[in-house]
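Student: Sequence first, then the predicted structure, then my questions.
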Amino acid sequence: MEEVPHDCPGVSSAQAGRGASCQGCPNQGLCASGAAAAPDPAIEEIKEKMKTVKHKILVLSGKGGVGKSTFSAHLAHGLAEDENTQVALLDIDICGPSIPKIMGLEGEQVHQSGSGWSPVFLEDNLGVMSVGFLLSSPDDAVIWRGPKKNGMIKQFLRDVDWGEVDYLIVDTPPGTSDEHLSAVQYLAAAHIDGAVIITTPQEVSLQDVRKEINFCHKVKLPIIGVVENMSGFTCPKCQKESQIFLPTTGGAEVMCRDLKVPLLGKVPLDPRIGKSCDKGESFFAEAPDSPATLAYRSIIQNAELSWQPYLAFKN
Amino acid sequence: MEEVPHDCPGVSSAQAGRGASCQGCPNQGLCASGAAAAPDPAIEEIKEKMKTVKHKILVLSGKGGVGKSTFSAHLAHGLAEDENTQVALLDIDICGPSIPKIMGLEGEQVHQSGSGWSPVFLEDNLGVMSVGFLLSSPDDAVIWRGPKKNGMIKQFLRDVDWGEVDYLIVDTPPGTSDEHLSAVQYLAAAHIDGAVIITTPQEVSLQDVRKEINFCHKVKLPIIGVVENMSGFTCPKCQVRVATKESLFLLKHRIHQPL
C-alpha cells in the first residue's frame, strides 16, 4: 500500500490533505475532503456488541517472549474456575497466534452462524478466538501488512458472537503498533478496564515495557498493573536460586516504583510452565503447588481487586 | 489510514481497482490507473546504495524474545574482531529497538552529512543504526502504524551512508509483517545472502519459527540456518543440567555460500 509521507500531519489534523507534505500523497484528495477523518462506523457497532461484555482486559508488553500469551491463558483458566463466570479469550496476535496451542485447541475450527462467528469453547464458560483457528495448517504464515491485520481485529471485535461475558481477555503481540492501536481504537467507545503489562526482570525488557507504559498513557488506557515473569529459577535438585534474567536495574519492582504503576506480582521461572503450554494444558492443573502457580493465583487476585472499582461505574 | 478491503486483489493484480471488492476503497482510482503497481523508485536507489555492501544477512524469528537482537549483536561483534572486516548492524525493530542498549551505544546521536546519515560507530569497523538513536529518550514509545514504519526502513536502507561494508546484519522484530516484507522488498534488487532464524527449544516458539521459514520460502529468501537459543541451563552450584524442554528435531537448510 502507499506509504504515509514522512511528515504526514495525520488524517484527523486540520492540515490533512492541505499541508506541504501532503503533495503527492495518493490519499491527499481523501484527506482534503475530510472523509478520512470521519469515525469508522465499526466503532459504534463494536460498542453495541460489547454491551454484553462486562470487563475488557488487554495483556500487553513492549517486549516479545516475556509470557503474555502464557499469562493471558492462565488468567482465563483462573477466572473460569468459577463455572458461573463467563470468560472469553481473544488472541489478536495475527502473525504469531500462540493461544490455540497453549489452550490445547489446535485444529479446532470456527463456525459461522446468523449471529456471527462462534468462538471455540474449551469449557462451557471459556470461549477462545484466534486467527490460528482460521488457518489450514498451524505452520501457515500469515504475511499481512498493517491494514489487513487491522481488518481482522475489527472482525474479531465486531463479528464474534461472544454472548454474555464477564471477562474478555485480549492477548496481543509485542510492540506499540497496528494491533495495539486498533484494539484501543475499535474498543474506544466500549470502555476497556485496563491493561496488564508483562515483563521479565532484564533491563532490555524493561526498556520496551516503559515504552508500552508510555503507550498506555498516550492512548489513555488505565494500567491494572505489571507482572514480572521468569523472576528467578530454583534448581530442582539443590534448591539454589539463580537469576537467569538478571535484574541489573532492579527489575519490575524499581520500574513500577519509578513510574508509579502497581506491581501485581512476580512469577518464578518453572520449566514445567513451558511444557504445559506446549502440551496445551493448564499449568495450574499440572503443578498446583508450584511457587509459580501460587504466584499466578496471587497476581490474579491482585488484578481482580483493581478492576472491582469499575463495577461502580456500571449500571 | 484507510484499510485494505478484506478481499483486496492486491495492488499489482490485473484486477487492481477493478474488482468487486475495490468498490468504495479510497485507493480504487489509484489502482485502476495502474500507478500503485509501479515499482517503488527507492528499490533502484537502494540497489545502488547496496553496491558497496558485500553480504546482507537478515536475522529473523517468528517468535519474540528468543534472542534475535542478542544474536545479531554478537554476530556483529564476532565478525568485527577482524579489524579488516567492515561490519554494519541495522536494527529495523521500530517499536522495540534493543540494539543501542545491547551494543552499549545508548544516548548516541545520528549525524547527517551531504552523503546521508552517518551510522554510530562502536569501532572503526563496526557501525550501527537504529531508530533508538533518533529518540529523545530511550523510554519514548514509537507508536507508528505499518506505513510509517515502512518509510523509516526505506530511509535506513537508502539514506544511511554505510560506506564499504563486508557484512550488513539486519536485526528484525518478531513476526511476518510490515518490517519483514519491507526489508525483503526494498532489498529485492540488491541480493540478500539469506536469513538466520532464531528459536528456543519450546514448541510454542518452533510453531512461530515454522511460519517464519514459510515466509522465507514465499518471498524466496534463502535460509542460512537456524540457531536454538536458551538450550537448557546448568545450575552453577550443583551442575545439574535442566532441559527447558525435550528437544525436537529442527529442519535446517544450509545454503553454502562463500561468506
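Tutor: Alright, I've got the coordinates. These numbers come from a predicted model, not from an experiment.

Student: can you give me the offset of stretch A:296-304 from its chain's centre?
Tutor: 17 Å (Cα atoms, centre = their mean, to the nearest Å).

Student: Now do the buried residues in that stretch.
Tutor: For stretch A:296-304, a neighbour-count test (16 or more other Cβ atoms under 10 Å in any protein chain shown) marks A:Y296, A:R297, A:I299, A:I300, A:N302, A:A303 as buried. The way it works is simple: take the backbone N, C-alpha and C, and place the C-beta from them, glycine included.

Student: and what of stretch A:114-123?
Tutor: For stretch A:114-123, using 16+ other Cβ under 10 Å, the buried residues are A:W117, A:S118, A:P119, A:V120, A:L122.

Student: Next up, the contacts around the one residue in the stretch 101-250 of chain A that gets nearest to chain B.
Tutor: Of all residues in the stretch 101-250 of chain A, the one sitting closest to chain B is A:G146 (2.9 Å; Cβ to the nearest Cβ). Neighbour list for A:G146: A:S177, A:D178, B:M1, B:R145, B:G146, B:P147, B:S177, B:D178 [criterion: Cβ atoms under 8 Å, 6 or more residues apart in numbering or on different chains].

Student: Quick one, grab the pLDDT at it.
Tutor: A:G146 carries a pLDDT value of 91.

Student: so A:W117 makes contact with A:M129?
Tutor: Yes: taking contact to mean Cβ atoms under 8 Å, the distance of 7.2 Å between A:W117 and A:M129 places them in contact.

Student: what touches both of the two?
Tutor: Common contacts of A:W117 and A:M129 (Cβ under 8 Å, 6+ apart): A:V110, A:V160.

Student: Okay, strands next: where are they in the stretch 201-315 of chain A?
Tutor: Shown for the stretch 201-315 of chain A, the strands assigned by DSSP state E, counting those that start in this stretch span residues A:223-228, A:233-234, A:241-242, A:263-266.

Student: could the ones you listed go into JSON lines alongside mean pLDDT?
Tutor: Conversion of the strands of the stretch 201-315 of chain A to JSON lines gives the following (pLDDT from 0 to 100):
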{"stretch": "strand A:223-228", "mean pLDDT": "97"}
{"stretch": "strand A:233-234", "mean pLDDT": "84"}
{"stretch": "strand A:241-242", "mean pLDDT": "84"}
{"stretch": "strand A:263-266", "mean pLDDT": "96"}
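
Student: remind me which residues of the stretch 151-300 of chain A are low pLDDT?
Tutor: Within the stretch 151-300 of chain A, not a single segment meets pLDDT under 70.

Student: Kindly report the residues of it close to chain B.
Tutor: Contact residues, the stretch 151-300 of chain A versus chain B (Cβ under 8 Å from any Cβ of the partner chain): A:151, A:154-155, A:173-178, A:180-181, A:200, A:203-205, A:207-208, A:210-212, A:214-215, A:218-219, A:233, A:235-238, A:240, A:242, A:244, A:271, A:274-275, A:277-278.

Student: Give me whichever of the strands of the stretch 201-315 of chain A is most buried.
Tutor: Each of the strands of the stretch 201-315 of chain A was given a mean neighbour count from mean count of other Cβ atoms under 10 Å in any protein chain shown, and the largest, a mean of 25, is that of strand A:223-228.

Student: In space, not sequence, find me the middle residue of chain A.
Tutor: Within chain A, one residue has its C-alpha closest to the average C-alpha position: by Cα atoms, centre = their mean, that is A:D171, at 2.9 Å.

Student: and that one, what are its phi and psi?
Tutor: Recorded main-chain torsions at A:D171 are phi -90, psi 140, according to degrees, to the nearest 10.

Student: Could you check what's spatially nearest to it, not counting adjacent residues?
Tutor: Spatial nearest neighbour of A:D171, chain neighbours left out: A:S72 (3.8 Å); criterion: Cβ to Cβ, 6 or more residues apart in numbering or on different chains.

Student: Provide the secondary structure category for that neighbour.
Tutor: Put simply, A:S72 is helix when judged by DSSP: H, G, I helix; E, B strand; the rest coil.

Student: Likewise for the one 5 residues further on?
Tutor: Per three-state DSSP, the secondary structure class of A:H77 is helix.

Student: And what about A:C95, helix, strand or coil?
Tutor: Under three-state DSSP, the three-state class of A:C95 is coil.

Student: neighbours of it, just the number please.
Tutor: Applying other Cβ atoms under 10 Å in any protein chain shown, we find 24 other residues in the vicinity of A:C95.

Student: Can you tell me the closest non-neighbouring residue to A:S276?
Tutor: Sequence neighbours aside, A:F283 is the residue nearest to A:S276 in space, at 4.2 Å (criterion: Cβ to Cβ, 6+ apart).

Student: residues contacting that neighbour?
Tutor: A:T70, A:H74, A:D270, A:R272, A:I273, A:S276, A:C277, A:S290, A:A292, A:T293, A:Y296.

Student: Measure how buried the third one is and give me the count.
Tutor: Under the neighbour criterion other Cβ under 10 Å, A:D270 is assigned a count of 21.

Student: right, and it touches A:D289 too?
Tutor: No: between A:D270 and A:D289 there is no contact, the gap being 11.3 Å when judged by Cβ under 8 Å.

Student: rewinding a little: would you write a PyMOL line that selects the buried entries of the residues of the stretch 151-300 of chain A next to chain B?
Tutor: Only the buried entries of these go into this PyMOL selection, using 16+ other Cβ under 10 Å:
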select buried, chain A and resi 151+154+155+173+174+175+176+177+178+180+181+200+203+204+205+207+208+210+211+212+214+215+219+233+235+242+271+274+275+277+278
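
Student: Next step: the residues of the stretch 151-300 of chain A next to chain B restricted to helices.
Tutor: Taking DSSP state H, the ones among those that sit in helices are A:151, A:154-155, A:178, A:180-181, A:203-205, A:207-208, A:210-212, A:214-215, A:218, A:271, A:274-275, A:277-278.
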